[in-house]
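Peer 1: coordinates only, no sequence provided:
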């Protein structure tokens, strides 16, 4: 089953999509990667979903990617003795380490790391920014604030500290436990929350040991200051616009989204645009026109994937949401200006043999009646460098590693194929590529197929071979 589009769709599984029939329906509607949100659900729930995904994968004969999304640190106030309170603009309100339940004048905040980073003038946001505070005085165990934006506050509401680099690790004990468990299930990607700097990804890499791709979620303003370094340290990125929009003014998010996508494209790292893309489809069978335009904008920018969250996890119309996203992408790609925009927003290739080959692939596909580009890869590197060039034709990625095939389900324009057939020599490799292109529906006998690989075979990162063949 081949997709008639280049950008991919990530669908989150949850209560509305936890049975095999629905998971298969989501795949058939267009989902390429399934996200497991470990902020919710027990390990047994996620294991059952993985088993169903792999069962569907076996049935349809296509690699399906699985993304484990770690919860990350959750900074919350403690208990309030008398229930919810209402803060008015101008009120004084204290946050401190005292575990005694709070009241209308104070609340416990059991996070000494926050107090260590505060200084007078720092803004604090409570409950996703619904209540705003400014620090007047602070110390290692307290912060006296004034209310700038009033509203109700109840137990366990989240606290955000915009524009401050917090001395908090991205991985919590829960995350480590969840990650170790997920790796035993054979997940393909791990999404790291609360990334503030490239060092936050090092611990994850040490645990993963190459068993999954490491994806950085960009949701903190501090991460933007180190964007280039984080892009280099990660295997892929996610523009987590919901959390980013809490700590940044809403008007800045679109510009940052474009900057992140542009930076990832230049580096050849897959990038997902996520959060509230078809939000109204949680309860309605069709999206708003503004939401459709939002998805289209990410596609025009050249994002590798767009993601559904609550729409497919807990909404009433999970299949319809995936199908709608699929149709929006197809409509954008049918626009002649889409290709002009993709070409105009490309960046110069790196000075490497691999990129020289991949630039040649793109140019040959534009000059010749090429049906498909066939890439042989073990690590996925060749296919990702080819995808970076955003060629006009699909990329048939042939790999002997099933985990690589699944991981590449996230990459723009890549149709991943797991094949462990031995390769005798170059003519045999070319013949196998042409047969696969015909079998997968990308070419017919006589069509032009571009074949690329690394020589010698099986050595990662050695892309140095290009052959123009007839299927």
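Peer 2: Done, it's in. The structure displayed is predicted, hence computed values, not measured ones.
Peer 1: next SSE downstream of the worst-scoring helix or strand of the chain on mean pLDDT?
Peer 2: Every helix and strand in the chain was compared by mean pLDDT, DSSP states H and E; the lowest is helix 241-247, with a mean of 89. Using DSSP states H and E, the helix or strand that follows helix 241-247 in sequence is helix 253-267.
Peer 1: who does that next one touch, helix- and strand-wise?
Peer 2: Counting contacts by 3 or more Cβ pairs under 8 Å, 6 or more residues apart in numbering; DSSP states H and E, helix 253-267 packs against helix 227-233, strand 236-240, helix 241-247, strand 271-274, helix 289-300. From N, CA and C alone the C-beta is placed, and that goes for glycine too.
Peer 1: orientation of it relative to helix 289-300 in degrees?
Peer 2: Going by axes from the mean of the first three to the mean of the last three Cα atoms, to 10 degrees, helix 253-267 is angled at 20 degrees with respect to helix 289-300.
Peer 1: average pLDDT for helix 253-267?
Peer 2: Helix 253-267 comes out with an average pLDDT of 96.
Peer 1: so it versus strand 236-240, what angle?
Peer 2: Going by the same axes, to 10 degrees, helix 253-267 is angled at 170 degrees with respect to strand 236-240.
Peer 1: beta partners of residue 9?
Peer 2: residue 306 (DSSP bridges).
Peer 1: need the contact list for it.
Peer 2: The contact partners of residue 9, by Cβ atoms under 8 Å, 6 or more residues apart in numbering, come to 30, 31, 32, 33, 305, 306, 307, 308, 322, 325, 326, 329.
Peer 1: which one of those has the most neighbours?
Peer 2: The most crowded member of the contacts of residue 9, judged by other Cβ atoms under 10 Å, is residue 31 (32 neighbours).
Peer 1: restricted to strands, list the contacts of residue 9.
Peer 2: Taking DSSP state E as the definition of strands, the contacts of residue 9 contribute 33, 305, 306, 307, 308.
Peer 1: residue 50 against residue 66, yeah?
Peer 2: Yes. Shown here, residue 50 and residue 66 form a contact pair, counting by Cβ atoms under 8 Å, at 6.2 Å.
Peer 1: of these two, which one has the most company?
Peer 2: Under the criterion of other Cβ under 10 Å, the comparison of residue 50 against residue 66 puts residue 66 first, with 26 against 19.
Peer 1: name the residues contacting each of residue 50 and residue 66.
Peer 2: Taking Cβ under 8 Å, 6+ apart as the criterion, residue 50 and residue 66 both touch 36, 185, 186, 187.
Peer 1: how about the last one, secondary structure?
Peer 2: Put plainly, it is residue 187. coil (DSSP: H, G, I helix; E, B strand; the rest coil).
Peer 1: so it touches residue 213, yeah?
Peer 2: No. Using Cβ under 8 Å as the test, residue 187 is too far from residue 213 to be in contact (9.6 Å).
Peer 1: before we move on, back to that, which other helices and strands contact the least confident helix or strand of the chain?
Peer 2: helix 253-267, strand 271-274.
Peer 1: who touches residue 452 in this structure?
Peer 2: Contacts of residue 452 by Cβ under 8 Å, 6+ apart are 357-358, 361, 373-376, 382, 386, 463, 465-467.
Peer 1: again, only using 7 Å
Peer 2: By Cβ atoms under 7 Å, 6 or more residues apart in numbering, the contact list for residue 452 reads 357, 361, 375, 382, 463, 465, 466.
Peer 1: any idea which of those residues the model trusts least?
Peer 2: residue 463 (84).
Peer 1: how many neighbours does residue 157 have?
Peer 2: Around residue 157 there are 17 other residues, counting by other Cβ under 10 Å.
Peer 1: just how off-centre is the longest helix seen in the chain within its chain?
Peer 2: Using DSSP state H to assign secondary structure, the helix with the most residues in the chain is helix 43-60. Chain-centre distance of helix 43-60: 20 Å, with Cα atoms, centre = their mean, to the nearest Å.
Peer 1: do stretch 56-66 as well
Peer 2: 19 Å.
Peer 1: got the contact list for it?
Peer 2: Contacts of stretch 56-66 (Cβ under 7 Å, 6+ apart): 1, 20, 23-24, 27, 32-34, 36, 50, 53, 187-189, 402, 405-407, 409-410, 416, 418.
Peer 1: OK, contacts around residue 107?
Peer 2: Contacts of residue 107 by Cβ under 7 Å, 6+ apart are 77, 78, 80, 95.
Peer 1: by neighbour count, which of those wins?
Peer 2: Using other Cβ under 10 Å as the neighbour criterion, residue 95 leads the contacts of residue 107 with 27 neighbours.
Peer 1: hang on, the earlier thing: quick one, which of the shared contacts of residue 50 and residue 66 are buried?
Peer 2: 36, 185, 187 (16 or more other Cβ atoms under 10 Å).
Peer 1: state the number of residues packed around residue 281.
Peer 2: Other residues close to residue 281 by other Cβ under 10 Å number 25.
Peer 1: surely it is in contact with residue 310?
Peer 2: No. Under the criterion of Cβ atoms under 7 Å, residue 281 is not in contact with residue 310, lying 9.2 Å apart.
Peer 1: so how far is stretch 71-80 from its chain's centroid?
Peer 2: 24 Å.
Peer 1: the stretch 251-400 of the chain: helices as residue ranges?
Peer 2: Taking DSSP state H, counting those that start in this stretch as the criterion, the stretch 251-400 of the chain contains helices spanning 253-267, 289-300, 310-313, 318-333, 336-344, 353-367, 381-388.
Peer 1: ok now the third one, how far from the chain's centre?
Peer 2: Right, helix 310-313. 15 Å.
Peer 1: in it, what's buried?
Peer 2: 310, 311, 312, 313.
Peer 1: now swap in the first one and tell me
Peer 2: The neighbour-count check on helix 253-267 (16+ other Cβ under 10 Å) flags 253, 256, 257, 258, 260, 261, 262, 263, 264, 265, 266, 267 as buried.
Peer 1: same check, this time on the last one
Peer 2: By neighbour count with 16+ other Cβ under 10 Å, helix 381-388 contains the buried residues 381, 382, 383, 384, 385, 386, 387, 388.
Peer 1: check what pLDDT the fifth one gets.
Peer 2: Per-residue confidence (pLDDT) for residue 385: 95.
Peer 1: kindly report the domain assignment for the chain.
Peer 2: As recorded under automatic domain parsing, the domains making up the chain are 8-72+170-337, 85-160, 353-470.
Peer 1: just how off-centre is the last one within its chain?
Peer 2: Remark: domain 353-470 is offset 24 Å from the chain centroid, using Cα atoms, centre = their mean.
Peer 1: returning to what we had before: with distance to residue 225 added, can I get the helices of the stretch 251-400 of the chain in CSV?
Peer 2: Below are those laid out as CSV (distance: least, Cβ to Cβ, whole Å):
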stretch, distance to residue 225
helix 253-267, 11
helix 289-300, 23
helix 310-313, 30
helix 318-333, 32
helix 336-344, 28
helix 353-367, 28
helix 381-388, 25
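Peer 1: cool, thanks, talk later.
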